[in-house]
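Return a 3D structure for these sequence lines:
(chains A and B)
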Number of protein chains: 2
Amino acid sequence: MAYELYYWPGIQGRGEYVRLALEYADAKYVDIALVPAKKGGGVPALEKYLNGRGIQRPPFAPPFLRAGRLLIGQTANILLFLGEQLNIAPRDDAGRLWTHQLQLTIADLIVEAHDTHHPVGSGLYYEQQKPEAKRRATDFLAHRVPKFFGYFERVLTRNKSGPGMVGRNLTYADLSLAQVIAGLQYAFPHGMRKALGKHKRLRTLEEFVFSRPRIERYVHSGRRLAFNDDDLYRHYPELDS
Amino acid sequence: MAYELYYWPGIQGRGEYVRLALEYADAKYVDIALVPAKKGGGVPALEKYLNGRGIQRPPFAPPFLRAGRLLIGQTANILLFLGEQLNIAPRDDAGRLWTHQLQLTIADLIVEAHDTHHPVGSGLYYEQQKPEAKRRATDFLAHRVPKFFGYFERVLTRNKSGPGMVGRNLTYADLSLAQVIAGLQYAFPHGMRKALGKHKRLRTLEEFVFSRPRIERYVHSGRRLAFNDDDLYRHYPELDS
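Numbering: from 1, shown residues only, chains lettered A, B, ... in the order given. Next comes the predicted model:
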(Lines give C-alpha, C1' and ligand atoms only; values in the text may rest on other atoms or scores of the structure.)
Protein backbone atom coordinates (compact mmCIF):
# COMPACT_ATOMS: atom_id res chain seq x y z
CA MET A 1 0.00 0.00 0.00
CA ALA A 2 1.31 3.45 -0.94
CA TYR A 3 0.72 6.39 1.38
CA GLU A 4 -1.14 9.32 -0.13
CA LEU A 5 0.21 12.76 0.76
CA TYR A 6 -2.18 15.66 0.32
CA TYR A 7 -0.51 19.05 0.10
CA TRP A 8 -0.69 22.17 -2.07
CA PRO A 9 1.36 22.06 -5.28
CA GLY A 10 4.12 24.57 -6.06
CA ILE A 11 5.56 25.03 -2.58
CA GLN A 12 7.47 22.91 -0.10
CA GLY A 13 5.46 24.29 2.81
CA ARG A 14 4.64 22.02 5.68
CA GLY A 15 4.28 19.11 3.27
CA GLU A 16 8.06 18.99 2.98
CA TYR A 17 8.50 17.77 6.56
CA VAL A 18 6.37 14.78 5.68
CA ARG A 19 8.10 14.22 2.33
CA LEU A 20 11.53 14.16 3.98
CA ALA A 21 10.37 11.46 6.36
CA LEU A 22 8.85 9.37 3.56
CA GLU A 23 11.92 9.79 1.33
CA TYR A 24 14.41 9.06 4.10
CA ALA A 25 12.58 5.85 4.93
CA ASP A 26 12.20 4.94 1.26
CA ALA A 27 8.43 4.67 1.69
CA LYS A 28 6.09 4.35 -1.25
CA TYR A 29 3.87 7.40 -1.53
CA VAL A 30 1.85 9.38 -4.01
CA ASP A 31 1.97 13.17 -3.89
CA ILE A 32 -1.67 13.67 -4.76
CA ALA A 33 -1.29 17.29 -5.91
CA LEU A 34 0.89 16.02 -8.77
CA VAL A 35 -1.72 13.55 -10.01
CA PRO A 36 -3.90 15.07 -12.77
CA ALA A 37 -7.34 16.16 -11.60
CA LYS A 38 -9.03 13.94 -14.17
CA LYS A 39 -7.28 11.00 -12.58
CA GLY A 40 -8.61 11.96 -9.18
CA GLY A 41 -5.70 14.09 -8.01
CA GLY A 42 -4.72 17.74 -7.95
CA VAL A 43 -6.19 20.47 -5.83
CA PRO A 44 -9.78 19.15 -6.24
CA ALA A 45 -8.70 15.98 -4.43
CA LEU A 46 -7.45 18.09 -1.51
CA GLU A 47 -10.60 20.16 -1.47
CA LYS A 48 -12.79 17.09 -1.35
CA TYR A 49 -11.34 16.30 2.07
CA LEU A 50 -11.27 19.89 3.29
CA ASN A 51 -14.78 20.84 2.22
CA GLY A 52 -16.61 17.63 1.39
CA ARG A 53 -19.83 17.12 3.32
CA GLY A 54 -19.32 13.39 3.60
CA ILE A 55 -15.98 13.59 5.45
CA GLN A 56 -16.58 12.43 9.00
CA ARG A 57 -13.26 13.69 10.37
CA PRO A 58 -12.16 16.55 8.13
CA PRO A 59 -8.64 18.00 8.36
CA PHE A 60 -8.37 21.73 9.08
CA ALA A 61 -5.64 22.27 6.47
CA PRO A 62 -3.04 20.39 4.44
CA PRO A 63 -0.84 18.46 4.83
CA PHE A 64 -2.80 15.34 5.52
CA LEU A 65 -1.97 11.74 4.85
CA ARG A 66 -4.02 8.76 3.85
CA ALA A 67 -2.73 5.43 5.05
CA GLY A 68 -5.27 2.76 4.16
CA ARG A 69 -8.41 3.72 6.05
CA LEU A 70 -6.66 6.28 8.24
CA LEU A 71 -6.79 9.97 7.38
CA ILE A 72 -4.29 11.93 9.47
CA GLY A 73 -3.86 15.69 9.62
CA GLN A 74 -1.44 18.10 11.32
CA THR A 75 2.22 17.76 10.34
CA ALA A 76 3.51 16.70 13.76
CA ASN A 77 0.69 14.16 14.10
CA ILE A 78 1.49 12.67 10.70
CA LEU A 79 5.12 12.37 11.74
CA LEU A 80 4.17 10.79 15.05
CA PHE A 81 2.32 8.15 13.05
CA LEU A 82 5.06 7.71 10.44
CA GLY A 83 7.74 7.55 13.12
CA GLU A 84 6.28 4.28 14.26
CA GLN A 85 5.31 2.98 10.82
CA LEU A 86 8.66 3.72 9.18
CA ASN A 87 10.86 3.11 12.18
CA ILE A 88 12.23 6.66 12.29
CA ALA A 89 11.55 7.22 15.98
CA PRO A 90 12.23 5.17 19.10
CA ARG A 91 9.62 2.56 19.97
CA ASP A 92 9.62 2.97 23.75
CA ASP A 93 7.16 5.43 25.32
CA ALA A 94 9.81 7.79 26.68
CA GLY A 95 11.63 8.01 23.36
CA ARG A 96 8.46 8.28 21.32
CA LEU A 97 7.10 11.14 23.45
CA TRP A 98 10.48 12.92 23.56
CA THR A 99 10.81 12.83 19.77
CA HIS A 100 7.29 14.19 19.40
CA GLN A 101 8.02 16.89 21.99
CA LEU A 102 11.01 18.01 19.91
CA GLN A 103 8.85 18.02 16.79
CA LEU A 104 6.27 20.24 18.48
CA THR A 105 9.01 22.65 19.52
CA ILE A 106 10.21 22.68 15.90
CA ALA A 107 6.60 23.37 14.87
CA ASP A 108 6.58 26.41 17.18
CA LEU A 109 9.76 27.67 15.51
CA ILE A 110 8.20 27.16 12.06
CA VAL A 111 5.19 29.30 12.98
CA GLU A 112 7.49 32.05 14.21
CA ALA A 113 9.60 31.85 11.04
CA HIS A 114 6.45 32.17 8.93
CA ASP A 115 5.17 35.08 10.97
CA THR A 116 8.31 37.14 10.25
CA HIS A 117 6.76 37.93 6.86
CA HIS A 118 3.14 37.67 7.99
CA PRO A 119 2.92 39.18 11.48
CA VAL A 120 -0.47 40.82 11.00
CA GLY A 121 -2.51 38.35 8.99
CA SER A 122 -1.89 35.26 6.89
CA GLY A 123 -4.62 36.33 4.47
CA LEU A 124 -2.90 39.64 3.68
CA TYR A 125 0.03 40.13 1.31
CA TYR A 126 3.51 40.76 2.65
CA GLU A 127 3.36 44.16 0.97
CA GLN A 128 0.46 45.04 3.27
CA GLN A 129 2.52 44.43 6.41
CA LYS A 130 6.09 45.38 5.63
CA PRO A 131 6.82 47.68 8.60
CA GLU A 132 5.33 45.14 11.01
CA ALA A 133 7.31 42.36 9.31
CA LYS A 134 10.52 44.31 9.77
CA ARG A 135 9.89 44.65 13.50
CA ARG A 136 8.94 41.01 13.90
CA ALA A 137 11.90 39.74 11.86
CA THR A 138 14.30 41.87 13.89
CA ASP A 139 12.91 40.44 17.12
CA PHE A 140 12.98 36.93 15.66
CA LEU A 141 16.66 37.12 14.72
CA ALA A 142 17.71 38.93 17.89
CA HIS A 143 15.80 36.88 20.45
CA ARG A 144 13.88 33.91 19.16
CA VAL A 145 16.44 32.27 16.90
CA PRO A 146 19.13 32.33 19.62
CA LYS A 147 16.67 30.83 22.08
CA PHE A 148 15.56 28.00 19.77
CA PHE A 149 19.04 27.34 18.36
CA GLY A 150 20.57 27.35 21.83
CA TYR A 151 17.96 24.83 22.90
CA PHE A 152 18.44 22.43 20.01
CA GLU A 153 22.23 22.71 20.23
CA ARG A 154 21.94 21.75 23.91
CA VAL A 155 19.74 18.78 23.04
CA LEU A 156 22.27 17.62 20.43
CA THR A 157 25.11 18.04 22.92
CA ARG A 158 23.39 15.98 25.57
CA ASN A 159 22.65 13.09 23.26
CA LYS A 160 26.05 11.44 23.31
CA SER A 161 25.10 8.41 21.30
CA GLY A 162 24.04 9.66 17.90
CA PRO A 163 24.33 12.17 15.12
CA GLY A 164 20.84 13.45 15.90
CA MET A 165 18.82 14.56 18.90
CA VAL A 166 17.49 11.18 20.02
CA GLY A 167 19.39 7.96 20.58
CA ARG A 168 21.62 6.37 17.97
CA ASN A 169 19.59 6.85 14.81
CA LEU A 170 18.17 9.83 12.99
CA THR A 171 14.51 10.50 13.71
CA TYR A 172 11.87 12.47 11.85
CA ALA A 173 12.57 15.37 14.24
CA ASP A 174 16.17 15.54 13.00
CA LEU A 175 14.96 15.63 9.39
CA SER A 176 12.57 18.45 10.27
CA LEU A 177 15.18 20.43 12.16
CA ALA A 178 17.59 20.17 9.20
CA GLN A 179 14.83 21.44 6.91
CA VAL A 180 14.14 24.40 9.22
CA ILE A 181 17.83 25.30 9.23
CA ALA A 182 17.96 25.07 5.43
CA GLY A 183 14.84 27.19 5.12
CA LEU A 184 16.10 29.84 7.52
CA GLN A 185 19.39 29.99 5.62
CA TYR A 186 17.44 30.67 2.44
CA ALA A 187 15.35 33.36 4.14
CA PHE A 188 18.03 35.00 6.25
CA PRO A 189 21.48 34.24 4.78
CA HIS A 190 23.05 37.10 6.71
CA GLY A 191 21.28 36.42 10.00
CA MET A 192 21.96 32.71 9.81
CA ARG A 193 25.68 33.07 9.17
CA LYS A 194 25.78 34.85 12.48
CA ALA A 195 23.42 32.51 14.33
CA LEU A 196 24.89 29.25 13.04
CA GLY A 197 28.46 30.39 13.69
CA LYS A 198 27.78 29.73 17.35
CA HIS A 199 25.98 26.44 16.84
CA LYS A 200 28.30 23.94 15.29
CA ARG A 201 26.15 20.93 16.06
CA LEU A 202 23.19 22.40 14.21
CA ARG A 203 25.33 22.97 11.10
CA THR A 204 26.69 19.44 11.36
CA LEU A 205 23.21 17.98 11.70
CA GLU A 206 21.96 19.84 8.63
CA GLU A 207 24.92 18.61 6.58
CA PHE A 208 24.50 15.10 7.87
CA VAL A 209 20.79 14.94 7.02
CA PHE A 210 21.20 16.39 3.53
CA SER A 211 24.06 14.00 2.77
CA ARG A 212 22.08 10.85 3.58
CA PRO A 213 21.93 8.88 0.32
CA ARG A 214 18.14 8.79 0.08
CA ILE A 215 17.80 12.46 0.92
CA GLU A 216 20.49 13.29 -1.67
CA ARG A 217 18.66 11.16 -4.19
CA TYR A 218 15.44 13.03 -3.42
CA VAL A 219 17.09 16.46 -3.65
CA HIS A 220 18.61 15.57 -7.04
CA SER A 221 15.48 13.87 -8.36
CA GLY A 222 13.80 17.11 -9.34
CA ARG A 223 10.90 16.22 -7.03
CA ARG A 224 12.08 18.53 -4.27
CA LEU A 225 10.91 22.03 -5.11
CA ALA A 226 13.29 24.94 -4.64
CA PHE A 227 12.72 27.39 -1.82
CA ASN A 228 10.71 30.31 -3.16
CA ASP A 229 9.05 33.48 -1.97
CA ASP A 230 5.50 32.19 -2.08
CA ASP A 231 6.49 29.64 0.50
CA LEU A 232 6.95 29.37 4.23
CA TYR A 233 10.54 30.63 4.15
CA ARG A 234 10.92 33.81 2.12
CA HIS A 235 13.99 35.78 1.26
CA TYR A 236 13.18 39.46 1.64
CA PRO A 237 16.60 41.13 1.97
CA GLU A 238 15.13 44.02 3.95
CA LEU A 239 14.16 41.58 6.73
CA ASP A 240 17.66 40.09 6.94
CA SER A 241 19.81 42.77 8.46
CA MET B 1 1.83 8.10 42.33
CA ALA B 2 0.86 11.74 41.91
CA TYR B 3 1.66 13.55 38.66
CA GLU B 4 3.78 16.65 39.01
CA LEU B 5 2.75 19.61 36.89
CA TYR B 6 5.38 22.27 36.26
CA TYR B 7 4.01 25.61 35.18
CA TRP B 8 4.52 29.27 36.02
CA PRO B 9 2.52 30.55 38.99
CA GLY B 10 0.03 33.42 38.74
CA ILE B 11 -1.45 32.67 35.33
CA GLN B 12 -3.59 29.96 33.77
CA GLY B 13 -1.52 29.98 30.59
CA ARG B 14 -0.94 26.72 28.79
CA GLY B 15 -0.79 24.92 32.11
CA GLU B 16 -4.56 25.25 32.36
CA TYR B 17 -5.17 22.83 29.48
CA VAL B 18 -3.30 20.20 31.45
CA ARG B 19 -5.02 21.10 34.74
CA LEU B 20 -8.46 20.73 33.18
CA ALA B 21 -7.58 17.23 31.99
CA LEU B 22 -6.22 16.23 35.39
CA GLU B 23 -9.19 17.71 37.24
CA TYR B 24 -11.79 16.23 34.91
CA ALA B 25 -10.25 12.78 35.35
CA ASP B 26 -9.89 13.27 39.12
CA ALA B 27 -6.17 12.52 38.87
CA LYS B 28 -3.83 13.11 41.77
CA TYR B 29 -1.35 15.85 40.93
CA VAL B 30 0.89 18.41 42.55
CA ASP B 31 1.09 21.88 41.03
CA ILE B 32 4.79 22.34 41.70
CA ALA B 33 4.74 26.15 41.41
CA LEU B 34 2.50 26.23 44.50
CA VAL B 35 4.90 24.19 46.62
CA PRO B 36 7.25 26.43 48.67
CA ALA B 37 10.76 26.71 47.21
CA LYS B 38 12.27 25.47 50.46
CA LYS B 39 10.26 22.30 50.05
CA GLY B 40 11.62 21.79 46.55
CA GLY B 41 8.89 23.60 44.63
CA GLY B 42 8.21 27.03 43.19
CA VAL B 43 9.91 28.64 40.24
CA PRO B 44 13.35 27.25 41.19
CA ALA B 45 11.99 23.75 40.65
CA LEU B 46 10.88 24.71 37.14
CA GLU B 47 14.20 26.35 36.39
CA LYS B 48 16.09 23.29 37.46
CA TYR B 49 14.54 21.40 34.55
CA LEU B 50 14.76 24.26 32.08
CA ASN B 51 18.37 25.23 32.79
CA GLY B 52 19.90 22.40 34.79
CA ARG B 53 23.03 20.94 33.24
CA GLY B 54 22.18 17.43 34.33
CA ILE B 55 18.86 17.19 32.51
CA GLN B 56 19.29 14.76 29.64
CA ARG B 57 16.07 15.72 27.85
CA PRO B 58 15.27 19.29 28.86
CA PRO B 59 11.90 20.85 28.03
CA PHE B 60 11.94 24.05 25.98
CA ALA B 61 9.32 25.75 28.16
CA PRO B 62 6.59 25.00 30.71
CA PRO B 63 4.22 23.29 31.01
CA PHE B 64 5.88 19.97 31.56
CA LEU B 65 4.74 16.96 33.51
CA ARG B 66 6.53 14.41 35.58
CA ALA B 67 4.94 10.99 35.66
CA GLY B 68 7.25 8.63 37.51
CA ARG B 69 10.44 8.55 35.47
CA LEU B 70 8.89 10.24 32.46
CA LEU B 71 9.34 13.96 31.90
CA ILE B 72 6.99 15.22 29.19
CA GLY B 73 6.90 18.68 27.64
CA GLN B 74 4.68 20.48 25.12
CA THR B 75 1.03 20.87 26.08
CA ALA B 76 -0.40 18.72 23.29
CA ASN B 77 2.15 16.00 23.96
CA ILE B 78 1.29 15.96 27.67
CA LEU B 79 -2.38 15.62 26.75
CA LEU B 80 -1.62 12.83 24.28
CA PHE B 81 0.02 10.98 27.15
CA LEU B 82 -2.70 11.79 29.69
CA GLY B 83 -5.42 10.89 27.20
CA GLU B 84 -4.29 7.30 27.40
CA GLN B 85 -3.37 7.31 31.08
CA LEU B 86 -6.60 8.90 32.28
CA ASN B 87 -8.91 7.40 29.68
CA ILE B 88 -9.97 10.77 28.24
CA ALA B 89 -9.30 9.85 24.61
CA PRO B 90 -10.21 6.85 22.46
CA ARG B 91 -7.87 3.87 22.66
CA ASP B 92 -7.90 2.85 19.00
CA ASP B 93 -5.24 4.32 16.67
CA ALA B 94 -7.68 6.24 14.50
CA GLY B 95 -9.45 7.85 17.47
CA ARG B 96 -6.24 8.57 19.33
CA LEU B 97 -4.65 10.32 16.32
CA TRP B 98 -7.86 12.19 15.49
CA THR B 99 -8.13 13.56 19.03
CA HIS B 100 -4.50 14.65 18.93
CA GLN B 101 -5.04 16.24 15.52
CA LEU B 102 -7.88 18.31 16.98
CA GLN B 103 -5.67 19.29 19.92
CA LEU B 104 -2.93 20.49 17.55
CA THR B 105 -5.46 22.58 15.66
CA ILE B 106 -6.60 24.05 18.98
CA ALA B 107 -2.92 24.76 19.74
CA ASP B 108 -2.68 26.71 16.47
CA LEU B 109 -5.70 28.77 17.50
CA ILE B 110 -4.14 29.44 20.91
CA VAL B 111 -0.95 30.82 19.31
CA GLU B 112 -3.03 33.10 17.11
CA ALA B 113 -5.10 34.27 20.09
CA HIS B 114 -1.90 35.08 21.99
CA ASP B 115 -0.40 36.90 19.04
CA THR B 116 -3.31 39.34 18.87
CA HIS B 117 -1.66 41.20 21.76
CA HIS B 118 1.92 40.22 20.85
CA PRO B 119 2.19 40.30 17.06
CA VAL B 120 5.73 41.70 16.96
CA GLY B 121 7.56 39.99 19.78
CA SER B 122 6.70 37.96 22.85
CA GLY B 123 9.56 39.61 24.76
CA LEU B 124 8.16 43.11 24.24
CA TYR B 125 5.34 44.72 26.19
CA TYR B 126 1.91 45.10 24.66
CA GLU B 127 2.39 48.85 24.96
CA GLN B 128 5.29 48.56 22.54
CA GLN B 129 3.14 47.00 19.81
CA LYS B 130 -0.33 48.49 20.14
CA PRO B 131 -0.90 49.56 16.50
CA GLU B 132 0.32 46.19 15.24
CA ALA B 133 -1.85 44.43 17.81
CA LYS B 134 -4.89 46.34 16.62
CA ARG B 135 -4.31 45.22 13.03
CA ARG B 136 -3.68 41.62 14.03
CA ALA B 137 -6.70 41.46 16.35
CA THR B 138 -8.94 42.89 13.64
CA ASP B 139 -7.75 40.25 11.19
CA PHE B 140 -8.09 37.55 13.86
CA LEU B 141 -11.73 38.40 14.60
CA ALA B 142 -12.66 38.98 10.96
CA HIS B 143 -11.00 35.96 9.38
CA ARG B 144 -9.31 33.54 11.71
CA VAL B 145 -11.99 33.10 14.39
CA PRO B 146 -14.69 32.38 11.78
CA LYS B 147 -12.42 29.85 10.09
CA PHE B 148 -11.53 28.00 13.31
CA PHE B 149 -15.01 28.23 14.81
CA GLY B 150 -16.59 27.08 11.55
CA TYR B 151 -14.26 24.12 11.55
CA PHE B 152 -14.88 23.01 15.12
CA GLU B 153 -18.64 23.54 14.74
CA ARG B 154 -18.50 21.24 11.70
CA VAL B 155 -16.55 18.64 13.64
CA LEU B 156 -19.12 18.76 16.45
CA THR B 157 -21.97 18.48 13.95
CA ARG B 158 -20.48 15.43 12.27
CA ASN B 159 -19.95 13.55 15.50
CA LYS B 160 -23.50 12.32 16.02
CA SER B 161 -22.78 10.17 19.03
CA GLY B 162 -21.55 12.50 21.73
CA PRO B 163 -21.59 15.87 23.39
CA GLY B 164 -18.01 16.47 22.22
CA MET B 165 -15.96 16.19 19.06
CA VAL B 166 -14.94 12.53 19.30
CA GLY B 167 -17.14 9.51 19.95
CA ARG B 168 -19.44 9.23 22.93
CA ASN B 169 -17.32 10.66 25.70
CA LEU B 170 -15.61 13.97 26.32
CA THR B 171 -11.91 14.00 25.46
CA TYR B 172 -9.08 16.26 26.50
CA ALA B 173 -9.58 18.12 23.20
CA ASP B 174 -13.12 19.06 24.23
CA LEU B 175 -11.85 20.37 27.56
CA SER B 176 -9.23 22.45 25.74
CA LEU B 177 -11.69 23.80 23.22
CA ALA B 178 -14.05 24.88 26.00
CA GLN B 179 -11.15 26.65 27.70
CA VAL B 180 -10.24 28.48 24.48
CA ILE B 181 -13.85 29.62 24.06
CA ALA B 182 -13.93 30.84 27.67
CA GLY B 183 -10.62 32.63 27.22
CA LEU B 184 -11.68 34.30 24.00
CA GLN B 185 -14.92 35.44 25.64
CA TYR B 186 -12.85 37.07 28.36
CA ALA B 187 -10.56 38.76 25.83
CA PHE B 188 -13.13 39.71 23.21
CA PRO B 189 -16.61 39.88 24.80
CA HIS B 190 -17.95 41.92 21.91
CA GLY B 191 -16.30 39.91 19.15
CA MET B 192 -17.31 36.62 20.70
CA ARG B 193 -20.96 37.54 21.10
CA LYS B 194 -20.99 37.93 17.35
CA ALA B 195 -18.86 34.88 16.55
CA LEU B 196 -20.58 32.49 18.92
CA GLY B 197 -24.04 33.63 17.84
CA LYS B 198 -23.51 31.58 14.70
CA HIS B 199 -22.00 28.57 16.42
CA LYS B 200 -24.50 27.04 18.77
CA ARG B 201 -22.62 23.78 19.21
CA LEU B 202 -19.52 25.56 20.43
CA ARG B 203 -21.55 27.43 23.05
CA THR B 204 -23.22 24.21 24.10
CA LEU B 205 -19.88 22.42 24.40
CA GLU B 206 -18.43 25.16 26.56
CA GLU B 207 -21.45 25.06 28.87
CA PHE B 208 -21.37 21.29 29.00
CA VAL B 209 -17.68 21.13 29.91
CA PHE B 210 -17.91 23.80 32.59
CA SER B 211 -20.96 22.13 34.13
CA ARG B 212 -19.27 18.74 34.58
CA PRO B 213 -19.23 18.12 38.35
CA ARG B 214 -15.46 17.80 38.67
CA ILE B 215 -14.80 20.86 36.54
CA GLU B 216 -17.36 22.81 38.57
CA ARG B 217 -15.70 21.61 41.75
CA TYR B 218 -12.34 22.78 40.39
CA VAL B 219 -13.67 26.18 39.31
CA HIS B 220 -15.21 26.74 42.76
CA SER B 221 -12.22 25.39 44.67
CA GLY B 222 -10.23 28.59 44.40
CA ARG B 223 -7.48 26.66 42.64
CA ARG B 224 -8.49 27.88 39.21
CA LEU B 225 -7.01 31.32 38.70
CA ALA B 226 -9.12 34.05 37.15
CA PHE B 227 -8.39 35.22 33.62
CA ASN B 228 -6.09 38.23 33.82
CA ASP B 229 -4.20 40.58 31.56
CA ASP B 230 -0.75 39.12 32.20
CA ASP B 231 -2.03 35.89 30.73
CA LEU B 232 -2.57 34.28 27.36
CA TYR B 233 -6.02 35.80 26.93
CA ARG B 234 -6.09 39.53 27.61
CA HIS B 235 -8.96 41.94 27.63
CA TYR B 236 -7.83 45.12 25.92
CA PRO B 237 -11.10 46.84 24.92
CA GLU B 238 -9.39 48.63 22.02
CA LEU B 239 -8.70 45.27 20.37
CA ASP B 240 -12.32 44.13 20.69
CA SER B 241 -14.26 46.18 18.20
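
what's near enough to touch residue A:4?
A:29, A:30, A:32, A:65, A:66, A:67 (CB atoms under 8 Å, 6 or more residues apart in numbering or on different chains). C-beta: built from backbone N, CA, C; applies to glycine.

name the helices or strands packed onto the longest helix anywhere in chain A?
Counting residues, the longest helix in chain A under DSSP state H turns out to be helix A:93-115. Identification of packing neighbours for helix A:93-115 by 3 or more CB pairs under 8 Å, 6 or more residues apart in numbering or on different chains; DSSP states H and E yields helix A:75-85, helix A:145-158, helix A:172-187, strand B:70-73, helix B:75-85, helix B:93-115.

would you list these in CSV and tack on mean pLDDT, mean neighbour count and distance to residue B:213?
CSV is the format used below for the helices and strands packed on helix A:93-115 (pLDDT from 0 to 100; neighbours: other CB atoms under 10 Å in any protein chain shown; distance: least, CB to CB, whole Å):
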stretch, mean pLDDT, mean neighbour count, distance to residue B:213
helix A:75-85, 98, 24, 31
helix A:145-158, 98, 18, 40
helix A:172-187, 98, 24, 40
strand B:70-73, 98, 22, 27
helix B:75-85, 98, 24, 19
helix B:93-115, 98, 22, 22
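
Turn those into a markdown table, columns for distance to residue B:127.
Shown next, in a markdown table, are those (distance: least, CB to CB, whole Å):
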| stretch | distance to residue B:127 |
| --- | --- |
| helix A:75-85 | 34 |
| helix A:145-158 | 22 |
| helix A:172-187 | 29 |
| strand B:70-73 | 31 |
| helix B:75-85 | 28 |
| helix B:93-115 | 16 |
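
who wins for proximity to residue A:56 among the ones you listed?
Across the helices and strands packed on helix A:93-115, residue A:56 has its closest neighbour in helix B:93-115 (9.4 Å, CB to CB).

What angle do helix B:172-187 and the next helix-or-strand element following the closest one make with each other?
Using DSSP states H and E, the helix or strand that follows helix B:93-115 in sequence is helix B:130-139. Counting by axes from the mean of the first three to the mean of the last three CA atoms, to 10 degrees, helix B:130-139 lies at 120 degrees to helix B:172-187.

Where do the domain boundaries of chain A fall?
Per automatic domain parsing, the domain ranges recorded for chain A read A:3-85, A:93-239.

Please state the offset of the last one from the chain centre?
How far domain A:93-239 lies from its chain's middle: 8 Å, per CA atoms, centre = their mean, to the nearest Å.

How about stretch A:12-22?
6 Å.

tell me the centre residue of chain A?
Nearest residue to the geometric centre of chain A (CA atoms, centre = their mean): residue A:17, 3.5 Å.

can the helix or strand that residue falls within be found next to chain B?
Element membership for residue A:17 (DSSP H and E) is helix A:15-24. No - legend: contact between helix A:15-24 and chain B by CB under 8 Å from any CB of the partner chain is lacking; minimum distance shown is 13.4 Å.
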